[in-house]
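Chemist: this is the structure alone, sequence omitted:
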């Protein structure tokens, strides 16, 4: 039995943060009913190219496995009635609209808990359900800037740099999943559901960890340092004879081994003998290291560092990452068959549970693929479903 088998999720979310969260829940066995707009569906269905079979965006496919799709026009009272019927025996409601949107639809937490007091209602937003910014739109680029990431990312003499993946969305989705799982445990003890408020900005403040704590106690504002670490040296990318590689020397024992591997007699040098001194003299040290590394190829150095136990690795492009033998061994590329799109390759399951497990059972759904199936379970007959289609309700 999978961890969340028997748990039912009604998912109103779109784009990335919410769908990533509901995908994680679906991977653990939850039944996820994805509510989409008729005709258009989730915006991310159109975010391409690239596409699979000309009309399935790879963006949508990457985060919407293990879900069933129902189309509902939430501007109609009939669709709202359908939602309430689904909510009645659901465990989780997930949404990532701007605060206030679900209230206007008559689907607020206060209304839904009247129908089902065991319901766990999770809202993801850019800035939270309260506060002066609650109505601001939450986009990854905006939140990477406001969350401090872009001031800390990039070369020292360059401008702010956005992290390639939409990390503020994904982190919010992961934190939301974490909150939902905690609420499920709480409900098993109390019998009651609760409201979960997760914001992209809150998640970024949490992620600031040692930068935030460092500033709060020293007043020092972190600056951009390229690939280097603000608190550890040497811990960054270095150019070899042919490629860049990453090297992480995280303690004094590794520092001595690192110097030995490079055949450098500087381990006890007054300028470099401990991490604080190395940070103070980083520029000089990096030049010394670079002068040695350019004498051999990246592969040659990686073999040497492995021999000495120095944490190091190549800098992969996506093709090399997905072809790496460790990635393949860990089954981090999965294949799922879709009747509509054929064989779809997607990232695999990042968490392996030894007893209950997780799995990919459903391919990304076509728009409204499960509308009829879901409505029939709610005891709507064929004639009623046909009428709702004709009226644009579903």
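Modeler: All right, it came through fine. Source: prediction; values computed, not measured.
Chemist: so residue 62 makes contact with residue 345?
Modeler: No: at 10.0 Å, residue 62 does not count as touching residue 345 under the criterion of Cβ atoms under 8 Å. In short, each C-beta sits where N, CA and C put it, glycine included.
Chemist: please identify which of the two sits among more neighbours.
Modeler: residue 62 (18 against 14; other Cβ atoms under 10 Å).
Chemist: now the strands for this protein?
Modeler: Remark: strands assigned in the chain by DSSP state E are 8-11, 31-36, 51-52, 56-57, 68-71, 92-95, 120-125, 195-199, 235-239, 244-248, 312-314, 333-338, 342-347.
Chemist: show me the contact partners of the first one.
Modeler: Think strand 8-11. Defining contact as Cβ atoms under 8 Å, 6 or more residues apart in numbering, one finds that strand 8-11 is touched by 18-19, 22, 25-26, 30-35, 67, 83, 86-87, 89-95.
Chemist: next one: residue 243 from residue 96, what distance?
Modeler: 40 Å (Cβ to Cβ, to the nearest Å).
Chemist: have a look at the two and say which one is more surrounded.
Modeler: residue 96 (28 against 15).
Chemist: who are the contact partners of residue 59?
Modeler: Contacts of residue 59 by Cβ under 8 Å, 6+ apart are 44, 47-48.
Chemist: residue 116: which of those is nearest?
Modeler: Distance ranking of these against residue 116, using Cβ to Cβ, places residue 44 first at 28.5 Å.
Chemist: wait, the closest one sits on residue 13?
Modeler: No: Residue 44 is beyond contact range of residue 13, at 10.5 Å (criterion: Cβ under 8 Å).
Chemist: compare neighbour counts for the two and give me the winner.
Modeler: residue 13 (23 against 19).
Chemist: contacts only, for the residue lying closest to that one once chain neighbours are set aside.
Modeler: Counting by Cβ to Cβ, 6 or more residues apart in numbering, residue 13 lies nearest to residue 96, which is 4.2 Å off, once chain neighbours are set aside. Residue 96 makes contact with 12-15, 17-18, 123-125, according to Cβ under 8 Å, 6+ apart.
Chemist: look at residue 112 and report its pLDDT.
Modeler: If you check residue 112, the pLDDT there is 98.
Chemist: again but with residue 53, I slipped
Modeler: 85.
Chemist: can you pull the phi/psi pair for it?
Modeler: When read as degrees, to the nearest 10, the backbone of residue 53 gives phi 50, psi 40.
Chemist: wait, it touches residue 339, no?
Modeler: No: using Cβ under 8 Å, residue 53 is not in contact with residue 339, being 11.3 Å away.
Chemist: look through this protein and tell me its longest helix.
Modeler: helix 167-190 (DSSP state H).
Chemist: buried ones in that one, by neighbour count?
Modeler: 167-177, 179-181, 183-184, 187 (16 or more other Cβ atoms under 10 Å).
Chemist: give the other helices and strands that that helix contacts.
Modeler: Helices and strands touching helix 167-190, by 3 or more Cβ pairs under 8 Å, 6 or more residues apart in numbering; DSSP states H and E, are helix 17-27, strand 92-95, strand 120-125, helix 140-146, strand 195-199, helix 200-207.
Chemist: okay, these in CSV with distance to residue 112, mean pLDDT and mean neighbour count next?
Modeler: Below are the helices and strands packed on helix 167-190 laid out as CSV (distance: least, Cβ to Cβ, whole Å; pLDDT from 0 to 100; neighbours: other Cβ atoms under 10 Å):
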stretch, distance to residue 112, mean pLDDT, mean neighbour count
helix 17-27, 16, 98, 27
strand 92-95, 6, 98, 26
strand 120-125, 6, 98, 27
helix 140-146, 27, 97, 20
strand 195-199, 10, 98, 22
helix 200-207, 23, 98, 19
